[in-house]
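Peer 1: A structural model of the following input is requested.
(one chain, ligands or ions: 1)
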Amino acid sequence: MLTPLPTNANPHHANGSPDAVRVVGVRFGYGAVPAVRDVSLSVPAGQLLTLLGPSGCGKTTLLKLIGGYQTPASGRIELCGRDVTTLPPEARNAGMVFQNYALFPHLTARQNVAFGLEVRRVSKADCTRRVDAVLEKVGLSAGERDRKPAALSGGQQQRVALARALVFEPDVLLLDEPLANLDRHLRDQLRDELRSVQRDTGVTTIVVTHDQEEALAVSDLVAVMSEGRGLQVGTPAEVYDRPSTPFVARFLGAANLVAGDTLGLPPGSVAMIRPEQIVLGPAAHSCTRSWSAVVSRVTFLGADLIVEVACEAGPMLRARGRAADQIRSGQHIQVGVPGERVWLIPETDLVDDERPGREVIDGCSPARRGHEQIAGGGECGGPRGGGRDFFRSDGRGHDRRAT
Ligand SMILES: Nc1ncnc2c1ncn2[C@@H]1O[C@H](COP(=O)(O)OP(=O)(O)OP(=O)(O)O)[C@@H](O)[C@H]1O
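Peer 2: Numbers count the residues shown, from 1 in each chain. Predicted coordinates for the structure are as follows:
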């Protein structure tokens, strides 16, 4: 059951941090196209929240609404306890970094960062000191500071854009796909740097991404969106281990989604088991449920293997094995599921096409045996609507472990 954020709730968390960002029942559409549908969300001061979801689900629009670049059709936005719903961006003290960096091409890195301070008539000495300090913080070397954007790499331009937003000491930093234009190696490096700059400055930050690995790696909180709606908000471990819906389960990584009754759980529910939680080999006998199985496919990933198994009288499952175990296609193997690692998504939380026993549970073709289903990380499903209007962080997952 979804619970709207009470409008009179005390905006302080158990740990004493006030909310730096509160979004309450916000809706927005581009003409007739709804982009954000009644989303509520809060971010405690000093935390980094990632908005995660597939392309077109409304992440950037929600970020722009928080930054003041769009105005909600209804709902309220508060930054640090102040209602900013109708205020323009410059009155919000929020620093936004757009996906294309939006640097002035005719100014050097240093001048780009200094520009806004000069407009605000900050003294020259203070301006120089603040610009150098922030460029140091984001790791732009002295030699790079007097170059124009065209003479800087994508990663260096990103550092300048970040410095330009940070130099105002904003209450909230809003980053739209900050790592999207960078190659894998640089992305990993900048991801770590971004996190350490955020921790150093303590600035409350919202990052838009469609990369689940990035979201899990950098965030205090991850908010998963689909089709303009918020599906779940929680710590990386919560959304990964205790997803509220099959869609969230798949979007966060590879997930086996099987009919609950296959595992002796309530009929109609869906059980989620991550591949790395499945036990292969003789140790499987000591699991809550175990089956004899035949390996149907093995994919080599270096240190690990993805092992697909067809269980006799059980579900099709995808497991993670060690390459050193030399598992082969066609091999007979024991497969086990430890009960405490199974996460149950109750029938009441499923939308129609997520219910087991239907022809298609997740956009894949139906599983080959009975009503058991298997879904691989993001390969199969697309986003679905679900009538879910609010993000939730109700921590109610613990009672749903199928022990
Ligand atoms: N300027 C616009 N005019 C009309 N429709 C728009 C506009 N910008 C976005 N949309 C539509 O609004 C919806 C949400 O778009 P938005 O850019 O917020 O999604 P997103 O999750 O950030 O996507 P991406 O990851 O691809 O950037 C999409 O259906 C998109 O096509």
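Peer 1: name the helices or strands packed onto the host helix or strand of residue 318?
Peer 2: According to DSSP states H and E, residue 318 maps onto strand 316-322. Other elements packing on strand 316-322 under the criterion 3 or more C-beta pairs under 8 Å, 6 or more residues apart in numbering; DSSP states H and E are strand 256-259, strand 289-300, strand 304-311, strand 332-337. Just so you know, the C-beta spots here come from the backbone N, C-alpha and C atoms, and that holds for glycine as well.
Peer 1: now those strands as JSON lines including distance to the ligand?
Peer 2: JSON lines is the format used below for those (distance: least, C-beta to the nearest ligand atom, whole Å):
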{"stretch": "strand 256-259", "distance to the ligand": "24"}
{"stretch": "strand 289-300", "distance to the ligand": "28"}
{"stretch": "strand 304-311", "distance to the ligand": "27"}
{"stretch": "strand 332-337", "distance to the ligand": "34"}
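Peer 1: most packed of those?
Peer 2: Burial of the helices and strands packed on strand 316-322 is given as mean neighbour count (mean count of other C-beta atoms under 10 Å); strand 256-259 ranks first at a mean of 25.
Peer 1: Walk me through which strands the helix or strand following that strand pairs with, and which way each runs.
Peer 2: Toward the C-terminus, strand 256-259 is succeeded by strand 270-273 as the next helix or strand (DSSP H and E). When sheet partners are counted by DSSP bridges, strand 270-273 sits next to strand 256-259 (antiparallel), strand 343-345 (antiparallel).
Peer 1: okay if I get those as TSV plus mean pLDDT?
Peer 2: Shown next, in TSV, are the strands paired with strand 270-273 (pLDDT from 0 to 100):
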stretch	mean pLDDT
strand 256-259	90
strand 343-345	89
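Peer 1: Need the three-state assignment for the closest residue to residue 245 other than its chain neighbours.
Peer 2: Nearest residue to residue 245 in three dimensions, chain neighbours excluded: residue 231, at 5.8 Å (C-beta to C-beta, 6 or more residues apart in numbering). Look at residue 231: counting by DSSP: H, G, I helix; E, B strand; the rest coil, its state is strand.
Peer 1: quick one: pLDDT of residue 231?
Peer 2: You'll see residue 231 listed with a pLDDT of 93.
Peer 1: quick one: contacts for residue 70?
Peer 2: Neighbouring residues of residue 70 by C-beta atoms under 8 Å, 6 or more residues apart in numbering: 28, 61, 64.
Peer 1: What distance do you get for the most centrally placed residue in the chain to residue 251?
Peer 2: Centroid check for the chain by C-alpha atoms, centre = their mean gives residue 52 as the closest residue, at 3.4 Å. Distance from residue 52 to residue 251, counting by C-beta to C-beta, to the nearest Å: 7 Å.
Peer 1: List the contacts of stretch 177-192.
Peer 2: For stretch 177-192, using C-beta under 8 Å, 6+ apart, the contacting residues are 60, 97, 99, 154-155, 158-159, 162, 194, 207-211, 214, 217-218.
Peer 1: nope, stretch 280-299 is what I meant
Peer 2: 263-264, 279, 305-314, 316-317, 319, 321, 325, 327-340, 342, 403.
Peer 1: go on, stretch 310-326?
Peer 2: Against stretch 310-326 from outside (C-beta under 8 Å, 6+ apart): 254, 256, 258-259, 262, 273, 275-276, 278, 280-281, 289, 291-294, 296, 298, 300-309, 327, 335, 337, 367-369, 372-374, 376.
Peer 1: Flag every buried residue along it.
Peer 2: 310-311, 314-321 (16 or more other C-beta atoms under 10 Å).
Peer 1: try stretch 79-94
Peer 2: Buried residues in stretch 79-94 (16+ other C-beta under 10 Å): 79-80, 84-85, 87, 92-94.
Peer 1: Among the contacts of stretch 177-192, which are located in helices?
Peer 2: Among these, the ones falling in helices (DSSP state H) are 60, 154-155, 158-159, 162, 194, 214, 217-218.
Peer 1: For those residues, give me TSV that also has distance to the ligand.
Peer 2: As requested, the ones in helices among the contacts of stretch 177-192 are arranged in TSV below (distance: C-beta to the nearest ligand atom, whole Å):
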residue	distance to the ligand
60	3
154	17
155	20
158	17
159	22
162	19
194	18
214	13
217	18
218	17
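Peer 1: Which members of the contacts of stretch 177-192 are classed as buried?
Peer 2: 60, 97, 154-155, 158-159, 162, 194, 207-210, 214, 218.
Peer 1: Point out where the protein drops to low pLDDT.
Peer 2: For the chain, the stretches with pLDDT under 70 are 1-17, 347-403.
Peer 1: got the residues of it near the ligand?
Peer 2: 30, 33, 35, 53, 55-61, 210 (C-beta under 6 Å from any ligand atom).
Peer 1: give me that answer again for 5 Å
Peer 2: By C-beta under 5 Å from any ligand atom, the residues of the chain that approach the ligand are 30, 35, 55-61.
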